[in-house]
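Undergrad: have a look; sequence and predicted model below, questions after that.
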Amino acid sequence: IYIHDEYQKTADWLMSQTKHRPQVAIICGSGLGMLADTLKCQDSFAYSDIPGFPQSTVQGHAGRLVFGELKGKTCVCMQGRFHMYEGHSLCKVVRVFKLLGVDTLIVTNAAGSLADGLQPGDIMVIKDHVNFPGMGGLNPLTGPNDDKFGPRFPAMSGCYDKGLRCVAMEVAKQLGVANIMQEGVYAMVGGPNFESIAEARLLHRLGVDAVGMSTAPEVVVATHCGLRVFGLSLITNKVVKSYEDSESVNHDGVLEVGRLRSHTVQQLVTELISRMEINNNTT
Ligand SMILES: Nc1nc2ncn(CCNC(CO)CO)c2c(=O)[nH]1
């Protein structure tokens, strides 16, 4: 299953189709795909047209890879992400970004809040994650290690770049949205079902602040191949933790909050990118 060349083939095809050589890769979460629309001088490709690219199947996830300029930085943006619950390995996309010359990954997602202080509409800057599927062996790095990308046993401590988190908090103050933003721990569950109440209570007891079905695999692969990572969760709903609570979560509600807050997330990510240093290895 030697697949390094597969990644290279996909990267080479993309580099033959666009002159953009991105420094920053952005993965847009449910309902947050409009970030890609703000890129200037766009070149965009449907996932179905990209050789070797997986297909996106979730409502609210468009399925396009958009290259362009944002605040002077060349970016590549995934409008529509792949989830483990769709049967995808998350290695391919992140490694193709690496081969395109990307040095920073920004990942956004919609998440349910377990922490009392996190309300729907809040933004949680991800300080760290609990990758439940990964700890159980459902891990994109499973299988032979490709030393060209990274070590067999990569460390994950500090995989959410502290410097970028500090800048994000400054940007939030400047944008006047610091009151809806805080740092926290994101737990990834496999999905596609939402958690049971007992599972939600267990997660809360374990001290995680927000829960979702994505992000951790992409971050594991990005950290393995040396990308700097920034992640944020848009809190779209409170996780149901009580047997008396008749409320139950659904995907439409998740998308609705995404639409409401998408402009703020877009401003935050755009301003964060504008403050990044230009990478000096522009090929
Ligand atoms: N309780 C709970 N609330 C949530 N709100 C958003 N997500 C992220 C999952 N998003 C799915 C379904 O909306 C699409 O990937 C979740 C979740 O996993 N659990």
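TA: That came through fine.
Undergrad: please enumerate the helices of the stretch 1-150 of the chain.
TA: Taking DSSP state H, counting those that start in this stretch, the helices of the stretch 1-150 of the chain run over residues 4-17, 91-100, 132-135.
Undergrad: now tabulate those in a markdown table and tack on mean pLDDT.
TA: Below are the helices of the stretch 1-150 of the chain laid out as a markdown table (pLDDT from 0 to 100):
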| stretch | mean pLDDT |
| --- | --- |
| helix 4-17 | 93 |
| helix 91-100 | 94 |
| helix 132-135 | 96 |
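Undergrad: so which of these is the most surrounded?
TA: helix 91-100 (a mean of 24; mean count of other C-beta atoms under 10 Å). Where C-beta positions appear, they are placed from N, C-alpha and C, glycine not excepted.
Undergrad: for it, give me every contacting residue.
TA: When contacts are defined by C-beta atoms under 8 Å, 6 or more residues apart in numbering, helix 91-100 is touched by residues 6-8, 10-11, 14-15, 21-22, 25, 27, 52-54, 76, 78, 82, 105, 140-141, 149, 218, 221-222, 225-227.
Undergrad: take it, keep the C-alpha atoms, and write them as CSV.
TA: Taking C-alpha atoms only, helix 91-100 is exported to CSV below (Å, rounded to 0.1, in the frame of the first residue of the first chain):
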residue,chain,number,x,y,z
CYS,A,91,-4.2,11.4,5.6
LYS,A,92,-4.5,12.1,2.0
VAL,A,93,-5.8,15.7,2.1
VAL,A,94,-3.4,17.0,4.7
ARG,A,95,-0.4,15.3,3.1
VAL,A,96,-1.3,16.8,-0.3
PHE,A,97,-1.3,20.2,1.4
LYS,A,98,2.1,19.4,2.8
LEU,A,99,3.4,18.5,-0.7
LEU,A,100,2.0,21.8,-2.1
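Undergrad: 224 is where my numbering starts, stick with that
TA: Okay, using 224 as the starting number, the last item reads as helix 314-323.
Undergrad: tilt between it and helix 227-240?
TA: 60 degrees (axes from the mean of the first three to the mean of the last three C-alpha atoms, to 10 degrees).
Undergrad: which of the helices of the stretch 224-373 of the chain sits closest to the ligand?
TA: For the ligand, the closest of the helices of the stretch 224-373 of the chain is helix 355-358, at 11.3 Å, according to C-beta to the nearest ligand atom.
Undergrad: so after the closest one, what's the next helix or strand?
TA: helix 385-398 (DSSP states H and E).
Undergrad: in that next one, what counts as buried?
TA: 387-388, 390-391, 394-395 (16 or more other C-beta atoms under 10 Å).
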